[in-house]
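J.: Got a predicted structure here, sequence first:
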Amino acid sequence: MKTIQLTLDDDLLDRVNQMIAQQQTSLTLFIKESLIHYLHKLKIKEMEKQHREGYSEHPIEKGEFDV
């Protein structure tokens, strides 16, 4: 595990501090969970992009999903 240092704008830090007070969590946990959430969001966006590209290259054919 590594320790990092970062700089935040006062407004952003105030908003984060309000949220951690509401959620009764720590700044460290809030930042960890935020980073995990953001990385997951990026992964989903990449998968959606690949999905769109796949359907662009191989469009659904008529009757392909008919029962």
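T.: Yes, it's here.

J.: What is the neighbour count of Met19?
T.: 13 (other CB atoms under 10 Å). C-beta: built from backbone N, CA, C; applies to glycine.

J.: residue contacts, it?
T.: Phe30 (CB atoms under 8 Å, 6 or more residues apart in numbering).

J.: secondary structure element for Gln5?
T.: Gln5 belongs to no helix or strand when assigned by DSSP states H and E.

J.: any idea how far Asp14 is from it?
T.: 19 Å (CB to CB, to the nearest Å).

J.: quick one, which of those two is more surrounded?
T.: Legend: neighbour count by other CB under 10 Å for Gln5 and Asp14, higher for Asp14 (11 against 4).

J.: Could you check the pLDDT of that one?
T.: You'll see Asp14 listed with a pLDDT of 97.

J.: What's the first helix or strand after the helix or strand it falls within?
T.: For Asp14, the element it lies in under DSSP H and E is helix 10-23. Going down the chain from helix 10-23, the next helix or strand is helix 27-57, by DSSP H and E.

J.: Which strands and helices lie in contact with that following helix?
T.: helix 10-23 (3 or more CB pairs under 8 Å, 6 or more residues apart in numbering; DSSP states H and E).
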